[in-house]
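**Student:** build the 3D model from these lines:
(chains A and B)
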Amino acid sequence: MKTLTHLERLEAESIHIIREVVAEAEKPVMLYSVGKDSAVMLHLARKAFYPSPPPFPLLHVDTTWKFKAMYELRNRMATESGMELLVYQNPEAAEKGINPFEHGSLHTDMWKTEGLKQALDKYGFDAAFGGARRDEEKSRAKERIFSFRTSSHGWDPKNQRPELWNLYNARKAKGESIRVFPISNWTELDVWQYIHLNDIPIVPLYFADKRPTFEWEGGLFMADDMDRIEKILGYRPETTEKSIRFRTLGCFPLTGAVESEAATLPDVIQETLLTTTSERQGRVIDKDAGGAGMEVKKQQGYF
Amino acid sequence: MADTETKDAVYVTEKLIAEDIDAYLVQHEHKTMLRFITCGSVDDGKSTLIGRLLYDSKMIFEDQLDALQSDSKKVGTQGQEIDFALLVDGLAAEREQGITIDVAYRFFNTEKRKFIVADCPGHEQYTRNMVTGASTADLAVILIDARKGVLVQTRRHSYLCHLIGIKNIVLAVNKMDLVDYSQEAFDKIVADYTEFANSIGIDSFTAMPISGFKGDNITSHSEKTPWYEGPTLVDHLESVEVLSSIDAEKPFRMPVQWVNRPNLDFRGFSGLIATGAVKPGDKIRVLPSAKTSTVSRVVAFDGDLEEAVAGQSVTVCFEDEIDCSRGSVIATADAPPETSDQFEATFVWMSDDPLMPGRAYWLKLGTQLVSVTVQEPKYVINVNTMAQLATKTFELNAIGVAELTTDKQIVFEPYEDNRTLGGFILIDKMTNATVAAGMLNFSLRRAQNVHWQAIDIGRKQHASLKNQTPAVLWFTGLSGSGKSTIANLVEKKLHRMNRHTFLLDGDNVRHGLNKDLGFTDADRIENIRRVGEVAKLMTDAGLIVVTAFISPFQAERDMVRSMLPEGEFLEIFIDTPLKVAESRDVKGLYKKARAGELKNFTGIDSPYEAPREPEIRIDTTKLSPEEAATLIVDTLMGDI
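**Tutor:** Okay, here's the model as predicted:
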């Protein structure tokens, strides 16, 4: 008898999770951040319901600070999958002109954490899929696949529901919601390999190419919208062309680029495996509040 | 196996990544997956062992290592050396206490497999966490401190792993470096453990001498234990058979999660195959309807499959249009599972709120969700001595056996034969919390043998002779709220209208039918259950039943509602604020309760759950009893 490979088992587990949510939740939504984890999650959703399109919309909580290439792929994938795309931008953050240069972690709080809460409340979603993985960070290693949130979106790490076998309890009171992480048990390598095997489209910024860059506070960043950056910094940083790529895609400059020659997927995987720093290291957000940064963020309602 | 071979293997992988990434990807693509659980306490070096496995398989990055080194100096327990345990202890609160209190999942790869490790706390108060981690494990690593030997906790961990059905048990005798790698010490522990294991039904296990801290016999054979000829830990983890391969050999079963119907031409049934295999042309039977058909297609995104096996998520189409929906189980036609509604089960209680025998909970098994009541337990097991003790309930972390009754037939197999169709969770209907996990042992024969006696004169005939529609007017409210007064007036009015009625009053029933019951939560539930059954019999006889009970819990009121046909149960909330009821205090009970002379008094030291959606709400601060009675009768007559 055929023994399933680890990727086949991970895929089956994720599809099972996605279908359980659709069967039990009233109004599910998939959070789509246009990154590689979102790409895998969306692909799994399409597989889960084929030949039907996934019976829920995609929600992009936009910070207005994403790379152009991300907006392009986002729109293309929504069309291709036949799913409705909802884009939400926190009006308060827009009004106050919150940006990553001047406001640091407030940028994440306002655009992402608050924006997400507002979007979920606005549309009344009671279940939201997210692409977080347990291998990303210590506190995520203990997060349930079905993560229960109070009506104010709080997460109580001491009060999580036990998950046995593959039985998930999706019942909740009115106003409460669940965040569901279908790719919890995938590692970064699994995600890359799955993208490779299934030819899943991802943002070209993951691959090295000659791109205009500038340096700011010791980090290397891509010069994507220099007019806007000049407006905020008050000067136009000097740009140089370098072969760079991104290991994760957040908002610039929350996400730094790395110098790289990895232009194909196998090259990227090779570089990932041989690299000596962990994936989220490029993101400024995890460094807040010592090692417990992510845990604090989650209790406040960040994914 | 020679020392050097294994060591080389670790390095070959890395070389392959650098030199031929495509070859490495092909290798990685074909890896299988093993889930295992590590059992032991902090003192046994569990986190250290996991940290070591991650470290040896290059799953630790430089920045993590830097953080680890600085943390080791700050809070580590290994002096100036790297404390691997810090790598795996997650949440901030736990790091401060130096213990892991939840289940954490870790990942690492070797050349042959991907591993998911469930890292669980070992103390008795975390039994539920360990059972959770064990529920998905193919294998358990039970850690023993070589200096301490088989302890009470070793027995507990072994028992729990055996209970949850883990067949592959590794006895890892750790900290061998601290007993000078003594074979004698190792052999004694193995002999002690063998005796215990056999006594609880574990017929085989693999013992190995290791040191998580020094790395002996983890990835390579240690020179320090030349007397040990068995496999290293990683060798063993790479070679044991995984559950999904074993499940694939069993008869086909797939619980239906979702019906896929994009248009009129396509109707497929989606699910995760629990056991066996399926291919076009297979004869299947859908349960509980027991209708049969033939599989026409096994649909997948990348094209139809020739065959799918246990562990795969698929969509199956039939040749015939037969009844099949979420909760159904598709099975091989000639060896389908059984259905039943009464079982004996083993429970693991996971909530701070103890089991309420007789109360209705939700039971989720596979994709089936039904209402269930659990009897008073037969016994609870002392997880340290395996002794069976008498008990009235299950409390947090209790493991025990009880009988349960579902409100309709469910498709099942004993847990021993099928984890998916035998494992279930219980959900509290009020809080929606998962309160217990359970394993069905067998169905009770009386479920098949006690049949309903067919009666020729039924409830319809009784009611039509009385020229009325039966109903239950269920009054609920605090003591002294005015239930009995208003109920009495309602009955009088109905009587004058030539209606056939009967009033069941709380105090009166407790003098007879329920005189054996007290006022604990469990007794209150049984009180209401019996009254519900009596009220139901009376409606069968065609009567309009008026009941006046405090009935403080929503779950029990819902239970009685569910016994009756739709529309025949009217929940009437006599809404009197506690202050008002207490100031009336007709029977002097509040005074006694406040003085501590009456225990479990509703509103004082026992909760009252106000109805969420009563059919009628009477605000006694605004309506007189007479007005209230008129309103109730009018509503009843309007409804009828």
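**Student:** mind listing the strands for the stretch 151-300 of chain A?
**Tutor:** Taking DSSP state E, counting those that start in this stretch to define them, one finds strands in the stretch 151-300 of chain A at A:177-180, A:209-216, A:219-222, A:240-245, A:258-259.
**Student:** does the residue nearest the centre of chain A belong to a helix or a strand, and which?
**Tutor:** In chain A, the residue lying closest to the centroid (C-alpha atoms, centre = their mean) is residue A:33, at 4.6 Å. If you go by DSSP states H and E, residue A:33 is not part of any helix or strand.
**Student:** returning to that earlier point: could you identify which of the strands of the stretch 151-300 of chain A is most buried?
**Tutor:** For the strands of the stretch 151-300 of chain A, average neighbour numbers computed from mean count of other C-beta atoms under 10 Å in any protein chain shown are highest in strand A:177-180, which has a mean of 24. (Each C-beta comes from the backbone N, C-alpha and C, glycine too.)
**Student:** in the stretch 201-303 of chain A, which spans are helices?
**Tutor:** With helices called from DSSP state H, counting those that start in this stretch, the stretch 201-303 of chain A shows them at A:226-233, A:265-274, A:293-299.
**Student:** just give me the neighbour total for residue A:160.
**Tutor:** Look at residue A:160: counted by other C-beta atoms under 10 Å in any protein chain shown, it has 17 neighbours.
**Student:** now for the residue nearest to it when sequence neighbours are not counted: which residues touch it?
**Tutor:** Nearest residue to residue A:160, sequence neighbours excluded (C-beta to C-beta, 6 or more residues apart in numbering or on different chains): residue A:144, at 5.0 Å. Listed by C-beta atoms under 8 Å, 6 or more residues apart in numbering or on different chains, the contact set of residue A:144 reads A:160-161, A:163.
**Student:** those into a markdown table, with extra columns for pLDDT?
**Tutor:** Listed next are these as a markdown table, based on pLDDT from 0 to 100:
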| residue | pLDDT |
| --- | --- |
| A:160 | 75 |
| A:161 | 85 |
| A:163 | 90 |
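**Student:** of those residues, which is the nearest to chain B?
**Tutor:** Taking C-beta to the nearest C-beta as the measure, chain B lies nearest residue A:161 of the contacts of residue A:144, at 4.5 Å.
**Student:** need the contact list for that closest one.
**Tutor:** Shown in contact with residue A:161 (C-beta under 8 Å, 6+ apart): A:144, A:146, A:148, A:169, B:433-434.
**Student:** nearest residue to it other than its sequence neighbours?
**Tutor:** Of all residues not flanking residue A:161 in the chain, residue B:434 sits nearest, at 4.5 Å (C-beta to C-beta, 6+ apart).
**Student:** okay, and the beta partners of the one you found?
**Tutor:** Following DSSP bridges, residue B:434 is listed with bridge partners residue B:427.
**Student:** what's the burial count for it?
**Tutor:** Residue B:434 has 27 neighbours, counted by other C-beta under 10 Å.
**Student:** that one contacts residue A:170, correct?
**Tutor:** No. Taking contacts as C-beta atoms under 8 Å, residue B:434 lies outside contact range of residue A:170: 10.6 Å.
**Student:** now, which of the contacts of residue A:144 sits nearest residue B:355?
**Tutor:** The nearest member of these to residue B:355, counting by C-beta to C-beta, is residue A:161 at 17.3 Å.
**Student:** would you point out the helix or strand in the chain whose mean pLDDT is lowest?
**Tutor:** Using chain A. Within chain A, no helix or strand scores below helix A:293-299, which has a mean of 50 by mean pLDDT, DSSP states H and E.
**Student:** correction: the question concerned chain B.
**Tutor:** Within chain B, no helix or strand scores below helix B:92-97, which has a mean of 48 by mean pLDDT, DSSP H and E.
**Student:** same for the helix or strand just after that one, what does it pack against?
**Tutor:** For helix B:92-97, the succeeding helix or strand toward the C-terminus, using DSSP H and E, is strand B:104-109. Packing partners of strand B:104-109 (3 or more C-beta pairs under 8 Å, 6 or more residues apart in numbering or on different chains; DSSP states H and E): helix B:46-56, strand B:113-119.
**Student:** tell me the secondary structure for residue B:348?
**Tutor:** Under DSSP: H, G, I helix; E, B strand; the rest coil, the three-state class of residue B:348 is strand.
**Student:** that one: neighbouring residues, count only.
**Tutor:** Per other C-beta under 10 Å, the neighbour tally for residue B:348 reads 25.
**Student:** go ahead and confirm it touches residue B:128.
**Tutor:** Yes. The criterion here is C-beta under 8 Å, and residue B:348 meets it with residue B:128 at 6.2 Å.
**Student:** between those two, what contacts are shared?
**Tutor:** B:397, B:437.
**Student:** biggest helix in chain A by residues?
**Tutor:** Ranked by residue count under DSSP state H, the longest helix found in chain A is helix A:6-24.
**Student:** now check that helix, is it near chain B?
**Tutor:** Yes. Using C-beta under 8 Å from any C-beta of the partner chain, helix A:6-24 comes into contact with chain B via A:6-13, A:15-16, A:19-20, A:22-23.
**Student:** which of the residues you listed sit farthest apart?
**Tutor:** A:6 and A:23 (26.0 Å).
**Student:** of the two, who's got more company?
**Tutor:** Neighbour comparison, residue A:6 and residue A:23: the larger count goes to residue A:6, with 25 against 18 (by other C-beta under 10 Å).
**Student:** wait, the more buried one touches residue B:114, no?
**Tutor:** Yes. At 4.0 Å, residue A:6 counts as touching residue B:114 under the criterion of C-beta under 8 Å.
**Student:** list residues touching both of those two?
**Tutor:** Common contact partners of residue A:6 and residue B:114 (C-beta under 8 Å, 6+ apart): A:190, B:31-33.
**Student:** ok, the residue nearest to the centre of chain A to residue A:68 distance?
**Tutor:** Residue A:33 sits at a distance of 16 Å from residue A:68 (criterion: C-beta to C-beta, to the nearest Å).
**Student:** again with residue A:118
**Tutor:** Counting by C-beta to C-beta, the separation of residue A:118 from residue A:68 is 25 Å.
**Student:** just residue B:242 next, same as before
**Tutor:** To residue A:68, residue B:242 is 45 Å away according to C-beta to C-beta.
**Student:** between these two, which one's more packed in?
**Tutor:** Taking neighbours as other C-beta under 10 Å, residue B:242 and residue A:68 compare with residue B:242 leading, 20 against 11.
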